[in-house]
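Enquirer: 3D model of this:
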Amino acid sequence: MAKKVLFINQEITPYVPETLLSTMGLNLPQKAQEAGLEIRTFMPKWGNINERRGQLHEVIRLSGMNLIIDDTDHTLIIKVASIPQSRIQVYFIDNDDYFTHRQMTVDEHGDEYEDNGERAIFFARGVLETVKKLRWTPDIIHCQGWMSAVIPFYLKTAYREEPTFAHAKVVTSLFSEQPKSDLGKKFKSSVVYKEAKSKFMKGYNDKFDYLELGKLAIDYSDGIIEANRGVAPELLAHTSNKKVPLLNFPGDDFMDAYAAFYEKIYPTTEE
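Expert: Residues are numbered from 1 along each chain as shown. Next up is the predicted model:
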C-alpha cells in the first residue's frame with residue numbers, strides 16, 4: 001500500500017506570493033503524489049488569499065466547531081480548493097479573528113502580529129480536528145513553516161491516544177527564514193490543551209521566540225529536514241543533541257532523498 005502523507009504547510013503558491021516556503025508547499029506534495037504517495041494538504045486561509053480567483057469554497061460538514069484558545073471561543077471554518085494544472089486538493093483553515101481579516105506573519109505596516117503564537121495554536125488544532133473528521137489515517141505528517149511547528153507537540157501529547165494519529169510519525173522541515181520577534185506573552189499558557197500540560201513547557205524560555213518554537217518542534221518530531229541552506233545553527237545543534245534523525249539539505253532535486261527519509265522514519269513493512 002502507498003504511504004499516506006499529510007502535508008501541513010504555512011504557505012502554498014499560487015494562493016500566496018512565491019517564496020521558498022510557498023514553492024515547497026506546492027512542489028513537495030506534487031512530487032510526492034507523482035511518486036505514488038497518497039497525500040492530503042493543509043494551509044491557513046490567510047487574508048491576502050483571493051477566494052474567488054482561487055475558487056475556494058467552504059466545506060460545511062467540516063466547519064462549525066469552536067476551539068477555545070486562551071478562554072475565548074474561535075469558530076473553525078474549513079475551505080477547500082484544487083491547485084490548477086495539478087490534482088492536488090488543498091484544505092484551508094480559516095477563522096475571522098486569526099486569518100480572514102489579516103495578512104500572513106506581518107500586518108500591512110510590516111509589523112509582526114503579537115498573537116502569532118495563538119494563531120499557530122488555532123491552526124494546529126484546526127488541522128488535527130479536521131483530519132479526524134476526514135477519517136483518513138496518515139503514516140507521515142510533514143510540517144513546513146513556523147505555523148505548523150506546534151503540531152508535533154500536540155501529536156505526542158494531546159492527540160497521542162487518537163486512533164487517527166496513533167501510528168503516525170511526524171517530520172518537521174526547518175527553513176532559514178524566521179520571524180524576528182516572539183510569539184506573545186500568552187503562548188506558553190495558551191498552548192496547554194488536554195494532555196499537552198503546562199509542565200512540558202517549563203524547559204523553554206518564557207520569552208518564547210521562534211528559536212524556542214523550533215526547539216519545541218524538534219523535541220517532539222521523529223525526523224528533521226534541513227529544507228534549505230542557512231538554517232539557524234542552534235536548531236541543527238539542538239537536533240543533534242536530541243539525537244533526532246536529520247536529513248541534511250539534499251539540494252534542489254530533493255524528492256528521492258525525502259522519500260528515503262520517510263521510509264527510514266516509517267518503514268513500509270514494520271515488524
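Enquirer: Chain neighbours aside, what residue packs nearest to Ala232?
Expert: Excluding the flanking residues, the one nearest Ala232 by Cβ to Cβ, 6 or more residues apart in numbering is Leu211, at 6.3 Å. For the C-beta atoms, the positions are set from N, CA and C on the backbone; glycine is no exception.
Enquirer: what's the answer for Thr75, then?
Expert: Asn66 (5.7 Å).
Enquirer: Kindly report the same for Lys197.
Expert: Thr157 (7.2 Å).
Enquirer: just checking, what's the longest helix in this protein?
Expert: Longest helix in the chain by number of residues, with DSSP state H as the criterion: helix 116-134.
Enquirer: what about that helix, distance to the chain center?
Expert: 9 Å (Cα atoms, centre = their mean, to the nearest Å).
Enquirer: that older thread, contact partners for the residue nearest to Thr75?
Expert: Asn66 makes contact with Asp73, His74, Thr75, Leu76, according to Cβ atoms under 8 Å, 6 or more residues apart in numbering.
Enquirer: re the thing from before, what mean pLDDT does the longest helix of the chain have?
Expert: Mean pLDDT, helix 116-134: 95.
Enquirer: and what of stretch 204-222?
Expert: On average, stretch 204-222 scores 94.
Enquirer: Now do the closest residue in space to Arg87 that isn't next to it in sequence against Ala2, distance only.
Expert: Sequence neighbours aside, Gln33 is the residue nearest to Arg87 in space, at 6.9 Å (criterion: Cβ to Cβ, 6+ apart). Distance of Gln33 to Ala2, computed by Cβ to Cβ, to the nearest Å: 10 Å.
Enquirer: Which pLDDT value goes with the residue nearest to Lys197?
Expert: 97.
Enquirer: Met201 is in contact with that one, correct?
Expert: No - assessed by Cβ atoms under 8 Å, Thr157 is found out of contact with Met201, at 10.6 Å.
Enquirer: mind listing the strands for the stretch 1-150 of the chain?
Expert: Using DSSP state E, counting those that start in this stretch, the strands of the stretch 1-150 of the chain run over residues 4-9, 38-44, 57-58, 66-69, 72-75, 77-82, 89-94, 140-144.
Enquirer: Any buried residues in the second one, and which?
Expert: Read it as strand 38-44. Ile39, Arg40, Thr41, Phe42, Met43, Pro44 (16 or more other Cβ atoms under 10 Å).
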